[in-house]
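>>> Any chance you can model this:
(one chain, ligands or ions: 1)
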Amino acid sequence: MGCCHYYAPSEGGDAAFSVDVSAITFGRGVLKEAGDHAAALGISRIALMTDPRLAGLAHAATVKDALEAAGLDVVVYDEVQVEPTDESLQKAGRFAGEAGVDGFLSLGGGSVIDTTKAANLYSTHPAEFLTYVNAPIGGGQAIPGPLKPHIACPTTSGTGSECTGIAVFDLLAMKAKTGIVSRRLRPSMALIDPDTTRSLPKNVVAASAFDVLSHALESYTAQPYTRRAAPARPRLRPMSQGANPWSDLGCREAVRILGEYMVRAVDDAADDEAREQLMWASTLAGIAFGNAGCHAPHGMSYSVSGLVRDFQPEGYPAELPIVPHGMSVIVNAPSVFRFTAEACPERHLEGARLLGAETRGATPEDAGEVLAGEIIGLMRKTEMPNGLRGVGYGAADVAALTEGSFPQKRLLDNAPKEITRPVLSELYVSALSYW
Ligand SMILES: [Fe+2]
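Here you go, the predicted model:
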């Protein structure tokens, strides 16, 4: 791939990239197809995994009816915890083991899909919990064999989890977010029905859309796969392999769609066209970051969500403080892109142009500011927090935020510029408030 200078070969760098394709069925009303797809995957007794809120909504009934109509035994687990923890994953894993299922369907946001990946893993290949968790926190062991079939049905246009082999959770003992990463965790198929986002509150749509935007911009500006050290064995090439020509396709189209439809989809729940387009952008960005990996805005988000004090945004359950994932990511993004633009200014400018910015006449030196300005403009239009201050942090929290996120090496090392501890602190300082 010497045709693009971003992918120029480098000494000791990888010379190939992998494409892991997700099986996807996308369209209005496809939840009704769940039964036939499950039967085709050979499932006869299926765990329908969801959360308590979704369990009472029509989509859960639609899926359950479709599965039963196809002759499957359905066992419902509606206790998935939003923002899952090691404890909640193990509880779901025990359920799956005792239920004796031979397949899974997850219906929900990232928390539900990730919990189902873990329940499938630990009920299929039982092990002490930390065995498969990312090193150095966990043992980082490879998953020894295939998992059971898993149909993932996202109900927010943000997570992308239906297309990735990543499950993220809070490790309670360490008060840290970490995860399990393996191609074997990738769902067997994603059943993506844009109608599921119709009832979502404005703030939830906005936060999810910014998660998608950051997936796409981070994957597009990640370090090129040719600069990541070549793997010791081909099978060890990571899924977070860096920017590559395949993920670039999804990133560019996702950013373009968001530039055109994000504000419409946030402002008007009845704008079916805009919400469908956001769902498609989410899918494209999920395919992209599942093959490229995110970088610093996501790496920094872990402590922004983990150290939350009293922030309670509209549209989310009132009982506990939360910095929703998309918000915890996007508050870092302008600060990060101002810093990383120097490494690949043309990609930062292209991102801004796809979002709708006028970039004619912009110089490489302008790239970070132009992209940051475009993101900040969208944050203001959709009434997002104005940076870290907007979600309850101040300058006195920068040290703790830095300590919490610096261990996220998989993400920080995927940035196009080196992120040392002092740099990370500076990035948080610059993210305190944008207006
Ligand atoms: Fe994300």
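>>> CA atoms for contacts and neighbours, from now on please.
Noted.
>>> quick one, helices of the stretch 51-200 of the chain?
Listed from the start of the chain, the stretch 51-200 of the chain has helices (DSSP state H, counting those that start in this stretch) covering 52-55, 58-69, 86-99, 110-124.
>>> Show me the contact partners of the first one.
If I follow you right, that is helix 52-55. Among residues not part of helix 52-55, those counted as contacts by C-alpha atoms under 8 Å, 6 or more residues apart in numbering are Ala60, Ala61, Asp78, Glu79, Val80, Leu107, Gly108.
>>> mind listing what's buried in stretch 210-226?
Taking 16 or more other C-alpha atoms under 10 Å as the basis for neighbour counts, the residues of stretch 210-226 that come out buried are 210-226.
>>> Equivalent analysis for stretch 161-176, please.
By neighbour count with 16+ other C-alpha under 10 Å, stretch 161-176 contains the buried residues Ser161, Glu162, Cys163, Thr164, Gly165, Ile166, Ala167, Val168, Phe169, Asp170, Leu171, Ala176.
>>> again with stretch 25-36
Phe26, Val30, Leu31, Lys32, Glu33, Ala34, Gly35, Asp36.
>>> Now flag whichever of the residues you listed is closest to Lys409.
Using C-alpha to C-alpha, Phe26 is the member of the buried residues of stretch 25-36 that lies nearest Lys409, at 33.6 Å.
>>> Run through the bridge partners of that closest one.
Ile192 (DSSP bridges).
>>> Ser44 is in contact with Asp73, correct?
Yes. With contacts counted by C-alpha atoms under 8 Å, Asp73 reaches Ser44, the gap being 6.3 Å.
>>> Looking at the buried residues of stretch 25-36, which are in strands?
With strands identified by DSSP state E, the entries of the buried residues of stretch 25-36 that belong to them are Phe26.
>>> Let me have the buried residues of stretch 25-36 in a markdown table, extended by pLDDT and distance to Glu11.
As requested, these are exported to a markdown table (pLDDT from 0 to 100; distance: C-alpha to C-alpha, whole Å):
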| residue | pLDDT | distance to Glu11 |
| --- | --- | --- |
| Phe26 | 96 | 41 |
| Val30 | 97 | 47 |
| Leu31 | 97 | 48 |
| Lys32 | 98 | 51 |
| Glu33 | 98 | 49 |
| Ala34 | 98 | 48 |
| Gly35 | 98 | 50 |
| Asp36 | 98 | 50 |
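>>> ok, the buried residues of stretch 25-36 vs Asp20, which is closest?
Taking C-alpha to C-alpha as the measure, Phe26 is the one of the buried residues of stretch 25-36 closest to Asp20, at 18.0 Å.
>>> Could I get the contacting residues of the closest one?
When contacts are counted by C-alpha under 8 Å, 6+ apart, Phe26 touches Leu191, Ile192, Asp193, Pro194.
>>> number of nearby residues for the third one?
Think Asp193. Using other C-alpha atoms under 10 Å, Asp193 has 24 other residues around it.
>>> ok, now the last one?
Counted by other C-alpha under 10 Å, the residues lying close to Pro194 total 25.
>>> Now do the lowest-mean-pLDDT helix or strand in the chain: everything it contacts.
Among the helical and strand segments of the chain, the one scoring lowest on mean pLDDT, DSSP states H and E is strand 176-181, with a mean of 86. Counting by C-alpha under 8 Å, 6+ apart, the neighbours of strand 176-181 from elsewhere in the structure are 132-134, 137, 140, 165-171, 302-303, 306, 404.
>>> Between all of these, which two are separated the most?
The most distant members of the contacts of strand 176-181, if one measures by C-alpha to C-alpha, are Gly165 and Gly404, lying 23.5 Å apart.
>>> for Leu48, helix, strand, or coil?
Under the three-state scheme (DSSP: H, G, I helix; E, B strand; the rest coil), Leu48 adopts strand.
>>> There's contact between it and Val76 in this structure, I believe.
Yes. The criterion here is C-alpha under 8 Å, and Leu48 meets it with Val76 at 4.8 Å.
>>> Specify which residue of the two has the higher count of neighbours.
With neighbours defined as other C-alpha under 10 Å, Leu48 and Val76 compare such that Leu48 has more, 24 against 16.
>>> roughly how far is the longest helix seen in the chain from the heart of the chain?
The helix that spans the most residues within the chain, counting by DSSP state H, is helix 245-267. When distances are taken as C-alpha atoms, centre = their mean, to the nearest Å, helix 245-267 is centred 15 Å away from the chain's centroid.
>>> so what does the helix or strand following it touch, helix or strand wise?
Where DSSP states H and E defines the elements, the next helix or strand beyond helix 245-267 is helix 272-292. In terms of contacts (3 or more C-alpha pairs under 8 Å, 6 or more residues apart in numbering; DSSP states H and E), helix 272-292 is packed against helix 202-221, helix 245-267.
>>> Let's see that with 10 Å instead.
In this structure, helix 272-292 packs against strand 24-26, strand 189-192, helix 202-221, helix 245-267, with contacts taken as 3 or more C-alpha pairs under 10 Å, 6 or more residues apart in numbering; DSSP states H and E.
>>> angle of that helix against helix 245-267?
With axes from the mean of the first three to the mean of the last three C-alpha atoms, to 10 degrees applied, the angle from helix 272-292 to helix 245-267 works out at 150 degrees.
>>> Going by neighbour count, which residues in helix 272-292 are buried?
Buried-residue list, helix 272-292, by 16+ other C-alpha under 10 Å: 272, 274-292.
>>> and if you look at stretch 424-435?
Leu424, Ser425, Glu426, Leu427, Tyr428, Val429, Ser430, Ala431, Leu432, Ser433, Tyr434.
>>> Could I get those residues in CSV, plus columns for pLDDT, distance to Asp267 and secondary structure?
Formatted as CSV, the buried residues of stretch 424-435 follow (pLDDT from 0 to 100; distance: C-alpha to C-alpha, whole Å; DSSP: H, G, I helix; E, B strand; the rest coil):
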residue, pLDDT, distance to Asp267, secondary structure
Leu424, 98, 34, helix
Ser425, 98, 35, helix
Glu426, 98, 34, helix
Leu427, 98, 31, helix
Tyr428, 98, 29, helix
Val429, 98, 31, helix
Ser430, 98, 29, helix
Ala431, 98, 26, coil
Leu432, 98, 26, coil
Ser433, 98, 24, coil
Tyr434, 98, 22, coil
